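J.: got a predicted model here, sequence first, then my questions.
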Amino acid sequence: MSEPLRETALTEEHRALGARLVPFAGWRMPVQYKGIKNEHEAVRTRAGLFDVSHMGEILVEGPQAIAEVDRLVTNDVSRLATGKALYTVCCNEQGHILDDLIVYRLQDEKLLVVCNASNRDKIVAHFAKNLSLGTPWNDVSDAWALLALQGPNAIGVMESLGAPQSLLALPSFHVTRATVAGVDLWAARTGYTGEDGFELFCASEDSVTLWRALLEAGKSHGLQPVGLGARDTLRLEARLMLYGNDITEETHPLEAGLGWVVKLDENDFIGRDALRAVKAAGLDRKLVGFEMTGRGIARHGYPIVANGNPVGEVTSGSPGPTVGRNIGLGYVPLALGKAGTTLGIEIRGKVVDAVVVRTPFYKR
């Protein structure tokens, strides 16, 4: 018997706004309100508000917090100043990706690790197994909510709410403590859309107050609630990874184009030896972006073909509303990874032309 779907504290807010709710990673989540294309355009040109409270959050504290988390991720946490954040991945001993994460240094001895909803149990278990005894840590996912305010008018919305200057002036990939609309929260200048904006962490019981205040303040700024459908098209245009599609436990960060978050010479993280061996041997495939030159939309799992032979699979694909092209990602042999290379995507038994292009597809 399947587990009942979990719901965030904002589910009734979504229903009241006419959202279409669907199962996602064990949760009942809004996929769209007015339509994916409409919501996508709102984020690119004005502002969008997302409920992403299904994400997982782990706090690691104490004098050894930095060193402990450094052993579990590929990027160099030891260089992370207080109030800053970094993107990274967490690997197993084989160098394969367990999840991609953002690590925030909230205080000198306090780290926040944010993981994907689909991987929360796995990452919590991985931390429980590999953090040294005596290291204080806590899975706060159920106690916290996460709202994402994204788009060029995001700052204007926060100004309308009287947000403090420390929040308004926050640089990219920084985090600060603030009070907004009477709600105490952590505000980070991060996101998953390719646009400017904020991710706002607050107590779950305060999320309805914050959600309503943001929507009300955002009316004059063109703010719309946005579902997971537009979140996917936005992140694909920006070439941001989707776990379970573009990266999985069958892929490693070097072939996924994430070598920039792998510090092989900085710290002894889990999977480092395996990734050193991969780097020494050289890659045999890479994740590339492509656009369709024939009529058709590439979807996850469709075969990628070259010279009549299957050479890979589409990991992500959809129309790109902002770029005006049908786009996608997929792994291909290294020799086929150069921009301008012609590929084929097999769509319902017919091979449709595509071409490898430089990514991101969209950059603000």
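T.: The structure has been received and is ready for your questions.
J.: drop to CA atoms for contacts and neighbour counts, all remaining ones
T.: Fine.
J.: what residue lies at the spatial centre of the chain?
T.: Central residue check for the chain by CA atoms, centre = their mean: the C-alpha nearest the mean position is that of residue 192, 5.0 Å away.
J.: cross-check the contact I'm expecting between that residue and residue 231.
T.: Yes - taking CA atoms under 8 Å as the contact criterion, residue 192 and residue 231 are neighbours in contact, 7.4 Å apart.
J.: on that earlier part again, contacting residues for the residue nearest to the residue nearest to the centre of the chain when sequence neighbours are not counted?
T.: The spatially closest residue to residue 192, leaving aside those adjacent along the chain, is residue 235, at 5.7 Å (CA to CA, 6 or more residues apart in numbering). Listed by CA atoms under 8 Å, 6 or more residues apart in numbering, the contact set of residue 235 reads 192-194, 241.
J.: any chance of the residues you listed in CSV, with pLDDT too?
T.: What follows is the contacts of residue 235, written out as CSV (pLDDT from 0 to 100):
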residue, pLDDT
192, 98
193, 98
194, 98
241, 96
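J.: tell me the SS of the residue nearest to residue 192?
T.: Assigned by DSSP: H, G, I helix; E, B strand; the rest coil, the conformation of residue 235 is helix.
J.: state the distance from it to residue 49.
T.: Going from residue 235 to residue 49 by CA to CA, to the nearest Å gives 15 Å.
J.: ok, now residue 207?
T.: Separation of residue 207 from residue 49 (CA to CA) stands at 12 Å.
J.: please apply the same query to residue 255.
T.: Relative to residue 49, residue 255 is positioned 33 Å away (CA to CA).
J.: more neighbours, those two?
T.: Just comparing residue 255 and residue 49: by other CA atoms under 10 Å the higher neighbour count belongs to residue 49, 26 against 21.
J.: from what I can see that one touches residue 226, true?
T.: Yes - Residue 49 lies in contact with residue 226 (CA under 8 Å); the separation is 5.6 Å.
J.: hang on, isn't residue 215 packed against residue 226?
T.: No - here residue 215 does not reach residue 226: they are 11.2 Å apart, not a contact under CA under 8 Å.
J.: which ones are touching the residue nearest to the centre of the chain?
T.: 231, 234-235, 240.
J.: rerun at 10 Å
T.: Listed by CA atoms under 10 Å, 6 or more residues apart in numbering, the contact partners of residue 192 are 148, 150, 198-199, 231-232, 234-236, 238-242.
J.: what of residue 189?
T.: Contacts here follow CA under 10 Å, 6+ apart; on that basis residue 189 touches 84-85, 148-150, 167-176, 196-200.
J.: again, only this time at 6 Å
T.: Counting by CA atoms under 6 Å, 6 or more residues apart in numbering, residue 189 makes contact with 172-174, 197-198.
J.: buried ones from the residues you listed, can you make that a ChimeraX selection?
T.: Buried members of the contacts of residue 189 can be picked out in ChimeraX with the line below, counting by 16 or more other CA atoms under 10 Å:
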select :173,174,197,198
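J.: and the two most separated of the contacts of residue 189?
T.: Of all pairs drawn from those, the widest gap by CA to CA lies between 174 and 197 and measures 11.5 Å.
J.: so where do the strands sit in the stretch 251-364 of the chain?
T.: Secondary structure of the stretch 251-364 of the chain, counting by DSSP state E, counting those that start in this stretch: strands at 285-292, 303-306, 309-320, 325-333, 342-347, 350-357.
J.: of the ones you listed, give the one that comes closest to residue 44.
T.: Closest approach to residue 44 among those is made by strand 309-320 (11.8 Å; CA to CA).
J.: which residues touch that closest one?
T.: Under the criterion CA under 6 Å, 6+ apart, residues 245-246, 298-305, 325-332 lie in contact with strand 309-320.
J.: I am finished for the moment; much appreciated.
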